[in-house]
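Chemist: sharing a model prediction with you, sequence too.
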Amino acid sequence: MTTTAKRAPARRSPPASAASPAPVIEEKEPRGARRKRETRARLLDAALRLMAERGMEGVAINEITEAADVGFGSFYNHFESKEAIYATLVDNVFEEFAKVLDRLAVGIADPAEVVAVSVRHTVLRARQDPVWGRFLIREGFSAPALNRGLAQRLLRDIRNGMAAKRFVVADPFVGYLAVGGTVLSAIAAELNYVAPGASAAGMLKELGFSGEHFPERTAAMLLQILGLKRAEAEKIAARPLPIVEAADEAA
């Protein structure tokens with residue numbers, strides 16, 4: 001008697017709808033486009049460093065291209081003029097950072113806490129990126145900056161606090177000058193006296209001052225200027241900061 005071997009049941013392929021998705025193949029950026037993007041970034045970085053120290057008027061285009069290690073003629077492939085690259089820097093520092101602050105403030109209902117978060121994050125950002133901080137100090141009250149997002153945002157936040165009866169400010173523009181001026185002064189102090197490795201850090205100790213919790217102390221003082229009682233201002237300024245996403249920091 002012949003025995004017929006049993007065959008294992010054939011495996012059926014899963015239906016198309018259940019199949020694993022095909023791996024996504026990322027399109028490689030063309031070499032020319034990558035070089036153009038990198039060159040533009042180097043020009044912006046060089047211009048930021050130079051203009052943070054000397055302002056737009058004190059910097060020549062050839063100095064920017066030399067600092068960026070880029071040919072002089074290549075500058076005009078990216079920017080029409082020195083004024084154009086300066087305008088881009090102002091947008092990057094003032095417009096983009098204002099958007100970061102808006103994302104940080106999502107879900108915060110109290111105008112006082114919105115101001116405190118913005119002030120603390122601005123001082124901390126300057127600590128992390130001193131060149132950015134020095135550019136902000138130099139251009140913070142310039143005519144172009146007043147029309148940009150950062151100044152407009154601060155004016156909006158002060159008006160919101162006035163409307164909510166949180167701030168006792170008779171003149172929102174003067175309130176803006178008081179807050180903005182204090183923030184810029186705080187950034188200068190942070191870079192010169194407070195930050196680790198600051199050139200005059202020893203002087204702060206000699207004068208009997210401490211740089212501990214400097215962003216929080218700055219925010220608390222500003223809230224008092226805007227009308228809050230000291231105890232409440234210090235409590236709000238000490239609350240945990242919202243988490244900053246990496247994408248936001250890159251902005």
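Modeler: Done, it's in. Residues are numbered from 1 along each chain as shown.
Chemist: going by C-alpha atoms from here, please, whenever you check contacts or count neighbours.
Modeler: Fine.
Chemist: need the helices for this structure, in chain order.
Modeler: Taking DSSP state H as the criterion, the chain contains helices spanning 31-54, 61-68, 82-90, 97-104, 111-128, 130-139, 143-146, 149-163, 172-189, 201-206, 214-225, 230-237, 246-250.
Chemist: redo these as JSON lines? Include mean pLDDT, distance to residue 76 and mean neighbour count.
Modeler: Below are the helices of the chain laid out as JSON lines (pLDDT from 0 to 100; distance: least, Cα to Cα, whole Å; neighbours: other Cα atoms under 10 Å):
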{"stretch": "helix 31-54", "mean pLDDT": "90", "distance to residue 76": "10", "mean neighbour count": "17"}
{"stretch": "helix 61-68", "mean pLDDT": "96", "distance to residue 76": "10", "mean neighbour count": "18"}
{"stretch": "helix 82-90", "mean pLDDT": "93", "distance to residue 76": "10", "mean neighbour count": "17"}
{"stretch": "helix 97-104", "mean pLDDT": "90", "distance to residue 76": "27", "mean neighbour count": "18"}
{"stretch": "helix 111-128", "mean pLDDT": "95", "distance to residue 76": "30", "mean neighbour count": "22"}
{"stretch": "helix 130-139", "mean pLDDT": "92", "distance to residue 76": "23", "mean neighbour count": "20"}
{"stretch": "helix 143-146", "mean pLDDT": "78", "distance to residue 76": "23", "mean neighbour count": "14"}
{"stretch": "helix 149-163", "mean pLDDT": "91", "distance to residue 76": "27", "mean neighbour count": "19"}
{"stretch": "helix 172-189", "mean pLDDT": "93", "distance to residue 76": "33", "mean neighbour count": "19"}
{"stretch": "helix 201-206", "mean pLDDT": "73", "distance to residue 76": "42", "mean neighbour count": "14"}
{"stretch": "helix 214-225", "mean pLDDT": "96", "distance to residue 76": "40", "mean neighbour count": "22"}
{"stretch": "helix 230-237", "mean pLDDT": "97", "distance to residue 76": "46", "mean neighbour count": "17"}
{"stretch": "helix 246-250", "mean pLDDT": "45", "distance to residue 76": "25", "mean neighbour count": "10"}
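Chemist: reformat the ones you listed into CSV and put distance to residue 195 next to each item.
Modeler: Output for the helices of the chain, formatted as CSV (distance: least, Cα to Cα, whole Å):
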stretch, distance to residue 195
helix 31-54, 18
helix 61-68, 26
helix 82-90, 24
helix 97-104, 21
helix 111-128, 6
helix 130-139, 10
helix 143-146, 26
helix 149-163, 23
helix 172-189, 9
helix 201-206, 8
helix 214-225, 10
helix 230-237, 19
helix 246-250, 19
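Chemist: correct me if wrong: residue 153 contacts residue 99.
Modeler: No - taking contacts as Cα atoms under 8 Å, residue 153 lies outside contact range of residue 99: 9.2 Å.
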